[in-house]
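Asks: Okay, structure incoming, though there's no sequence with it:
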C-alpha cells in the first residue's frame, strides 16, 4: 500500500554525516510531458533502443496521469501524459508541445537540498513530500528554473535506493511492471544502441537572459561556470548564439545555457523560442555512448533521422584534429572512412577527442532533439564543429521556413 504525506517523516535519510545538501549524486530521471505518452514511449523504444518495463496508469490506480519509465544504461526517462484537462501536463502540451518538464537529481536528503536551494534564492515548486510502500520510501521536492522547467531533488530509501533502481528494481511507489512493449524490449536487448548516460542537457533562454540564469545556477544550485562560448565561437554567415556551460560541484552534471545573438537571420535558439511559445526550455539532451560508430549505425538502422554533414567537412577535419592531438601523442582510433560514411562529427582539445552527431527534431515542433556523444578524453562540447553543425541546422531551418 502506498501512503502520501506532505511533509517527510522523521525516518533517517541515510545521508552521510556532514554531507553537502546540494551534492548531486546522479541525474535521477528526466521527465517529459507528452500528448500521448504511450505512443511516445513506443517511438523512443523503437527508434532509440530504450526499454519500457514499468508504468503508472489507470491499471495501477493512477486516475490523473499515465507515466512510462524508459531505461537504457544509466538513463531514465519518465514520459507523462495528463488524463484530465486539469493535469499540468495537459496544459503544458497545449502551450508548448511535447518537451522536458523536469531534470531530476538524486540527493542524500531531498528536504535539506530543497531548503538550501530556497535559502539560496530559489523559488520552490513542489514542497518536500514522501511516498512510502512496502518496498521503501521516495522523498521529492522541486525548485523552478528557466521557463516551465523544474529540478526535482529525489531521495531514495530501502528498495527504492538508486543502486537497486539501476539494476532494474522498482522505480518509485505507484509504478508497476509491464509487458506492454515486451517484444520491443527483446529486440533492443538483442540489438543494443549502447546509450549509457545523460552527458549534458542544454537550455535555451531569451536574448539577454543567459547571464541571469548563469547567476541563478551559481547561487541557487551552487554550480560553477565550466566553459564559455561567444558569438564568435558559434556563428555562421547568417546566425549566431552565445552559450555558457554550468557544472555541478563534482562536475558530474553539466547544463549549458544558450541565448540568441544578433545575426542576419534567426538562430536555432530563436527558432526554438518562437515555437515554444516564447518560453525558455530544454532544447536537447546529449546521450553518452562508449562506441559512437556502433551506436550511430544502429540508430540509423532503426530509422533515426540525423543532420546531414556536408562532404566538405571531412576535407579538413582530420588535419584540424591531428593538429590538436599530435603534441599529446594521441590519435583518433576510429576508422576514418566509417566515421565519414556515418556522417559523424569529430573534435579535439587538450585532453583528447570526441565524436558527436545530432538528430533532427524528434517531433513536429522544432523544440527537442538528441545529441549522441562519445568522449575519448575530451570534456568539451565540439567547438571545432560549431560552424559545420550550424550550417546543417540552418539548412533544416530553411526547409521549415524559419531561418
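Replies: All right, it came through fine. Quick caveat: nothing in here was measured; it's all calculated off a predicted structure.

Asks: For the spatially most central residue of the chain, what is the enclosing helix or strand?
Replies: For the chain, the residue nearest the mean C-alpha position is residue 285 (3.4 Å; Cα atoms, centre = their mean). Per DSSP states H and E: residue 285 is located in strand 281-289.

Asks: OK, contacts around the residue nearest to the centre of the chain?
Replies: 30, 100, 198, 200, 201, 202, 370, 371 (Cβ atoms under 8 Å, 6 or more residues apart in numbering). Any C-beta I mention is one placed from the backbone N, CA and C, and that applies to glycine too.

Asks: now it, which residues is it bridged with?
Replies: residue 201, residue 370 (DSSP bridges).

Asks: Need the pLDDT of it.
Replies: Here the pLDDT value assigned to residue 285 is 98.

Asks: Can you tell me the SS state at residue 16?
Replies: coil (DSSP: H, G, I helix; E, B strand; the rest coil).

Asks: quick one on the thing from earlier: tell me the first helix or strand C-terminal of the strand holding residue 285.
Replies: Following strand 281-289 toward the C-terminus (DSSP H and E): helix 292-301.

Asks: Name the residues that touch that following helix?
Replies: The contact list for helix 292-301 (Cβ under 8 Å, 6+ apart) reads 47-49, 191-195, 289, 306, 334-335, 338-339, 342-344, 355-357, 372-374.

Asks: now do 7 Å
Replies: 48-49, 191, 193-195, 289, 334, 338-339, 342, 344, 355, 357, 372, 374 (Cβ atoms under 7 Å, 6 or more residues apart in numbering).

Asks: need the next SSE after that helix, C-terminal direction.
Replies: helix 317-325.

Asks: Please point out which parts of that next one sit buried.
Replies: Residues of helix 317-325 classed as buried under the neighbour-count rule (16 or more other Cβ atoms under 10 Å) are 317, 321, 324, 325.

Asks: now swap in stretch 375-388 and tell me
Replies: 375, 376, 378, 379, 380, 381, 382, 384, 385, 386, 388.

Asks: farthest pair in those?
Replies: Using Cβ to Cβ, the two most remote members of these are 379 and 388, lying 20.6 Å apart.

Asks: For the nearest residue to residue 79 once chain neighbours are set aside, list the residues it contacts.
Replies: Once flanking residues are discounted, residue 79 sits nearest to residue 37: 4.2 Å by Cβ to Cβ, 6 or more residues apart in numbering. For residue 37, the contact set (Cβ under 7 Å, 6+ apart) comprises 66, 67, 68, 79, 80, 81.

Asks: As a markdown table, these with pLDDT and neighbour count would be great.
Replies: As requested, the contacts of residue 37 are exported to a markdown table (pLDDT from 0 to 100; neighbours: other Cβ atoms under 10 Å):
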| residue | pLDDT | neighbour count |
| --- | --- | --- |
| 66 | 98 | 23 |
| 67 | 98 | 23 |
| 68 | 98 | 29 |
| 79 | 98 | 27 |
| 80 | 98 | 22 |
| 81 | 98 | 24 |
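
Asks: What is the nearest of those to residue 158?
Replies: Using Cβ to Cβ, the contacts of residue 37 come closest to residue 158 at residue 67, 20.9 Å.

Asks: From residue 94, how far off is the closest one?
Replies: Relative to residue 94, residue 67 is positioned 19 Å away (Cβ to Cβ, to the nearest Å).

Asks: circling back to that earlier point, of the buried residues of stretch 375-388, which belong to strands?
Replies: 375, 376 (DSSP state E).

Asks: from the buried residues of stretch 375-388, which is closest to residue 329?
Replies: Lowest distance from residue 329 to the buried residues of stretch 375-388 (Cβ to Cβ) belongs to residue 376, with 13.6 Å.

Asks: The closest one reaches residue 356, doesn't it?
Replies: No: Residue 376 is not in contact with residue 356 according to Cβ atoms under 7 Å; the separation is 11.4 Å.

Asks: circling back: any idea of the pLDDT on the residue nearest to residue 79?
Replies: 98.

Asks: got it, and residue 228?
Replies: 90.

Asks: For it, pull up the helix or strand it's in.
Replies: Assignment of secondary structure by DSSP H and E places residue 228 within strand 224-229.

Asks: List the strands paired with that strand, with their directions.
Replies: In the sheet, strand 224-229 lines up with strand 240-247 (antiparallel) (DSSP bridges).

Asks: And the average pLDDT for the strand it pairs with is what?
Replies: For strand 240-247, the per-residue pLDDT averages 86.

Asks: Show me what counts as buried in the strand holding residue 228.
Replies: Neighbour-count burial for strand 224-229 [16+ other Cβ under 10 Å]: 226, 229.

Asks: so residue 133 sits right up against residue 175, yeah?
Replies: No: the criterion here is Cβ under 7 Å, and residue 133 misses it with residue 175 at 10.3 Å.

Asks: Those two: which has the busier surroundings?
Replies: Shown here are residue 133 and residue 175; by other Cβ atoms under 10 Å, residue 175 has more neighbours (20 against 17).

Asks: Would you mind measuring from that one to residue 322?
Replies: From residue 175 to residue 322 the distance is 49 Å (Cβ to Cβ).

Asks: Same question for residue 364.
Replies: From residue 364 to residue 322 the distance is 41 Å (Cβ to Cβ).

Asks: what sits up against the strand holding residue 228?
Replies: 214, 218, 242, 243, 244, 245, 246, 247, 254, 380, 381, 383.

Asks: sorry, back to before: quick one: the residue nearest to residue 79 from residue 77, how far?
Replies: 10 Å.

Asks: same deal with residue 120?
Replies: The value you get for residue 120 to residue 77, if Cβ to Cβ is used, is 28 Å.

Asks: Of those two, which one has the most company?
Replies: residue 77 (22 against 15).

Asks: The more buried one belongs to a strand?
Replies: Yes: counting by three-state DSSP, residue 77 is part of a strand.

Asks: Quick check: the gap between the residue lying farthest from the centre of the chain and residue 350.
Replies: Here the chain reaches farthest from its C-alpha mean at residue 327, the gap being 33.9 Å by Cα atoms, centre = their mean. Going from residue 327 to residue 350 by Cβ to Cβ gives 9 Å.
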